[in-house]
Structures are given as structure tokens and as C-alpha cells.
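Engineer: Structure for the following, please:
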Amino acid sequence: MSGKKVLIVEDNENLAYGLKNNLEIEGYRVAVVADGRLALDAARENTPDLVVLDLMLPGMDGFRVLRTLREEGFDMPVLILTARDEELDRVRGFRFGADQYLTKPFSVLELLARIESLLRRHVAREPADAAPSLAVIRFGSVEVVPAAREVRRDGAVVALAPKEYELLLALLQREGAVAPRLELIQEVWGYPGDVLTRTVDTHIGELRKKLEEDPVHPKHILTVRKAGYRLQRDLP
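Structural biologist: Predicted structure coming up:
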């Protein structure tokens, strides 16, 4: 991943420049800002391949920075740094489009490993330029165009958060088979083991609100009790 651009958004100068030095040793090109508003300016001016984002920032907090980036269409991986390890914060961050969390204090080696993993997965999911697939996947009134990362319902484009889109693809790829929660956590969020299972439930709820005619009684994004979820494309 040498040469990839990383934006560090951290107001602790010692931590920020310590991270910068370690990343540069690994071959990354690194920019550092200490303010939430400056982070948005930096991303707009020179789009990074990955953002390392602290939550407690002057000017604009990390949640607002993250939400604004996603609303403006930036889909680069975002790794959240936080001194608080509260599940509600994690769920909120994931709903806004965070890819991973790392709680302070942390190991620099773990941070480097997570950055490498996030960049590798992000590159792997990008459509190939040489022969992009134009296939359209349909269920109900929904159309999914993977090559364009676009979802439409009744012909209108539906704005999905990055993790909502990846979760939808993970369900589609199983072609009706059950996707256990733990598999989805590993595949979509990159976490090993049984953590944050309610995060999957939260994102499923958001997908139903956006894609089902009746989110309370879904016909396509189905819960399989004590097992997980599956996507029913064709109704019986």
C-alpha cells in the first residue's frame, strides 16, 4: 500500500506527528490537520485514500466530519480514534459510515495493520476498469448496479451509507442463503469474533426503511430467527 494518501485528523500534536512518522516509514503519504473544518477542506482539496479521525476535535467534532464526508459522496475508509469505548458511540459512528474503531491507548502496530487491511479491502471492492460489469440485480422495486455502486427504488436513486451498501451486497452475493450475523460482522466491518452484533441489526433496519415498501413487514430483507438474515429476491 506504499504511496497511498492518509489524512490524520487529530488535535493531540504529539500523537498526530508520531502517527505521521510511523506511516511515512511504511511508505504512506501523510497529511495532518487538527480541526474538524480543516479536515473537510483537506479532503475536498486532495482526496485521501484513508482517513484516521479523532472524535473530539475543535471546530467540528468527528461525527459531524464523518457524516459530512459521506453526504458529499466520499467513500474512502475511515478509521475512528476514540478515548471512549461505548457501544452507543460505535453504533452512531457506524451509522454515519465509519469503517473501524480503535480505542486509545492503542498499539501503533495494530493501527498500521488495520490501515493496511482497510485499504486492501477497499481496493478489492472497486470495480475493474478494464471490463466493468453492467449487470443489474433486481428484487421487488429495487435495482442494484454494482459497477456504479448505485441503488434505485422505483427508478429513483437511493442514498445508502457505505456500510449499508456493503451489507446489501453481502446479502445479495449469498443468493438467498442465510448470512449469520457474525459472518456479516467479519465481512462488512472486518471484526473477528462476536462483537457489535446490534450494529448489523441497526443497519438492516436502515436498509428496510430505504428499500422495503413496508419496513415493519419486510418481504425481501428477512430475519431468520437465531440464525441471521437473508435476502429474498423473488417472492413465492
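Engineer: And the strands in the protein?
Structural biologist: Counting by DSSP state E, one finds strands in the chain at the ranges 5-9, 29-33, 50-54, 78-82, 100-103, 137-139, 142-145, 150-153, 156-157, 179-180, 221-224, 228-231.
Engineer: could I get these as CSV with distance to residue 112, mean pLDDT and mean neighbour count?
Structural biologist: (Glycine included, C-beta is placed from N, CA and C.) What follows is the strands of the chain, written out as CSV (distance: least, CB to CB, whole Å; pLDDT from 0 to 100; neighbours: other CB atoms under 10 Å):
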stretch, distance to residue 112, mean pLDDT, mean neighbour count
strand 5-9, 11, 96, 24
strand 29-33, 12, 95, 18
strand 50-54, 11, 95, 25
strand 78-82, 11, 90, 22
strand 100-103, 11, 86, 17
strand 137-139, 36, 88, 15
strand 142-145, 34, 90, 18
strand 150-153, 33, 92, 17
strand 156-157, 37, 92, 10
strand 179-180, 30, 90, 18
strand 221-224, 36, 95, 16
strand 228-231, 32, 94, 21
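Engineer: Residue 188 is nearest to which of these?
Structural biologist: Of all the strands of the chain, strand 179-180 sits nearest to residue 188, with 9.7 Å by CB to CB.
Engineer: in its sheet, what does that closest one sit against?
Structural biologist: Partners of strand 179-180 in the sheet, by DSSP bridges, are strand 228-231 (antiparallel).
Engineer: Would you mind putting the CA coordinates of the strand it pairs with into PDB?
Structural biologist: Output of strand 228-231 as PDB, limited to C-alpha atoms (Å, rounded to 0.1, in the frame of the first residue of the first chain):
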ATOM      1  CA  GLY A 228     -29.100 -14.200  10.800                       C
ATOM      2  CA  TYR A 229     -30.500 -12.500   7.700                       C
ATOM      3  CA  ARG A 230     -31.200 -13.400   4.100                       C
ATOM      4  CA  LEU A 231     -32.400 -11.500   1.000                       C
END
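Engineer: which residues touch that strand?
Structural biologist: The contact list for strand 228-231 (CB atoms under 8 Å, 6 or more residues apart in numbering) reads 139, 168, 171-172, 174, 176-181, 183-184, 200, 204, 220-224.
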